[in-house]
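1. sequence unavailable; structure follows:
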Ligand SMILES: CC(=O)SCCNC(=O)CCNC(=O)[C@H](O)C(C)(C)COP(=O)(O)OP(=O)(O)OC[C@H]1O[C@@H](n2cnc3c(N)ncnc32)[C@H](O)[C@@H]1OP(=O)(O)O
Ligand SMILES: O=C([O-])CC(=O)C(=O)O
């Protein structure tokens, strides 16, 4: 097909509503408001599985049996540490760097130092995926701690993924309730079909580039506030309104003003779900557990007031970032760390898609319709 069409072409701005390929990794169904990972409802996985089991499922296509899980956990635990070189390069970045830039750089450094980077066999790609999965908690925790002038906390191989993540972030043995809520958030964030960052990863993979490059690009796409950056932005909204006495009334006034000035309200709306995000009830439940655990009913009041007002004014429902933001805040993460937490989870989905793309590749290269000036010619000089 020619780049410039003669009949008026149909443009699918933002590729909205356009299926571009098959995937067996997950199914997002807005009609039934459901999300399946490899066929399993995400709510069932969140209720019965650990994040490690879900990661295994996304990569291997089946839940692990006990022997497979034990071997997988051993492999992940052995890879949790950070090389001196990665820490050194992180240390050279300014403390003002956004943590997403730090995470993106750290992944780049790991890729640049891995002799297996050019090997795009399924086995090598799975190795790289597990390596990044194991190291991301160290990277994210290291950066949060360095911004607070705290030392790196070495990983512990006697703890599961989420308990160790919290241990490395805060240097204290985490409470079971917090570990469970955090683990649920990791499971819910893990995978969501052809979202912008996953699609970015697939585009990069489609050129036969390497897995680390695809992940680095995906991190860049996730950073934006219309995508993963929204969990951070939700907390800025809460800070702007201010929890505490009168918070609910302030939320309504804040929303009216924000809508009047045509602001997008972060944590609300979704490209695919138009009637609510399938993951929100499960994440809200975890957030409410954290509200009880840390005794912060004021935060829940603010959450409910803004959600209600947004429903009344615009009939737009929250997405996963809306309950995840305050949940991470209550757990003690600083706001800038929220989107890197999303990276630590989505590394599983991204890499499952990278491997799927590589296994049945076609270069992703859509068409554009030229809308610039008509052909013209450089005037003769002299
Ligand atoms: C994990 C995730 O990545 S989930 C998404 C996280 N992102 C956010 O929370 C950012 C806020 N939300 C948004 O900007 C949007 O809802 C998106 C980008 C997620 C989806 O956008 P799209 O599918 O392109 O929908 P679109 O932007 O066309 O919205 C349709 C209408 O609803 C309005 N709308 C949608 N979301 C919002 C919102 N959060 N605040 C205010 N208005 C909104 C739009 O302004 C538009 O109104 P109009 O028809 O009067 O112009
Ligand atoms: O699917 C999307 O467009 C965004 C999203 O919810 C996700 O990536 O989890």
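-> Arrived safely. Bear in mind the structure is a predicted one, so any value in this text is a computation, not a measurement. Ligands and ions are numbered 1, 2, ... in the order given.

2. now the stretch 201-350 of the chain against ligand 1: closest residue?
-> Using C-beta to the nearest ligand atom, the closest approach of the stretch 201-350 of the chain to ligand 1 is made by residue 269 at 2.2 Å. The way it works is simple: take the backbone N, C-alpha and C, and place the C-beta from them, glycine included.

3. without its sequence neighbours, what residue ends up closest to that residue?
-> residue 316 (4.9 Å; C-beta to C-beta, 6 or more residues apart in numbering).

4. got the contact list for residue 222?
-> Counting by C-beta atoms under 8 Å, 6 or more residues apart in numbering, residue 222 touches 100, 196, 197, 228, 229, 339, 342, 343, 346.

5. who's in contact with the closest residue to ligand 2 within the stretch 251-382 of the chain?
-> With C-beta to the nearest ligand atom, the shortest gap between the stretch 251-382 of the chain and ligand 2 falls at residue 271, namely 4.7 Å. The contact partners of residue 271, by C-beta under 8 Å, 6+ apart, come to 14, 16.

6. tell me the SS of it?
-> Three-state assignment for residue 271 (DSSP: H, G, I helix; E, B strand; the rest coil): coil.

7. need phi/psi at it.
-> Main-chain dihedrals, residue 271, degrees, to the nearest 10: phi -60, psi -40.

8. ok so, going back, wait, doesn't the residue of the stretch 201-350 of the chain closest to ligand 1 sit right on residue 319?
-> Yes - assessed by C-beta atoms under 8 Å, residue 269 is found in contact with residue 319 at 6.6 Å.

9. neighbour count: the two, which is higher?
-> residue 319 (24 against 18; other C-beta atoms under 10 Å).

10. give me the nearest residue to that one, chain neighbours excluded.
-> residue 277 (4.4 Å).

11. is it true that the one you found touches residue 268?
-> No - with contact defined as C-beta under 8 Å, residue 277 does not count as touching residue 268 (9.7 Å).

12. could you pick out the longest helix of the protein?
-> helix 122-147 (DSSP state H).

13. quick one: that one to chain centroid distance?
-> 14 Å (C-alpha atoms, centre = their mean, to the nearest Å).

14. can you give me the domain assignment for this protein?
-> Domains of the chain are assigned by automatic domain parsing as 26-225+335-359, 230-331.

15. what's the overlap in contacts for residue 277 and residue 268?
-> Contacts common to residue 277 and residue 268, judged by C-beta under 8 Å, 6+ apart, are 317, 318, 319.

16. out of those residues, who's near ligand 1?
-> Among these, the residues lying close to ligand 1 (C-beta under 6 Å from any ligand atom) are residue 319.

17. any chance of TSV for the shared contacts of residue 277 and residue 268, columns secondary structure and distance to ligand 2?
-> Below are the shared contacts of residue 277 and residue 268 laid out as TSV (DSSP: H, G, I helix; E, B strand; the rest coil; distance: C-beta to the nearest ligand atom, whole Å):
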residue	secondary structure	distance to ligand 2
317	coil	12
318	strand	11
319	coil	6
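
18. name the element residue 304 belongs to?
-> Using DSSP states H and E, residue 304 sits within helix 297-314.

19. how about that helix: buried residues?
-> 298, 299, 300, 301, 302, 303, 305, 306, 307, 309, 310 (16 or more other C-beta atoms under 10 Å).

20. give me the residues contacting that helix.
-> 237-238, 241, 243-245, 247-249, 251-252, 254-256, 259, 265, 268, 287-288, 291, 316-318, 322-323, 326, 329-330.

21. out of residue 277 and residue 268, which sits in the more crowded spot?
-> Ranked by neighbour count (other C-beta under 10 Å), residue 277 and residue 268 place residue 277 first, with 26 against 22.

22. local confidence estimate at the more buried one?
-> Residue 277 is assigned 97 on the pLDDT scale.

23. that one: what's it in contact with?
-> 270, 317, 318, 319, 320.
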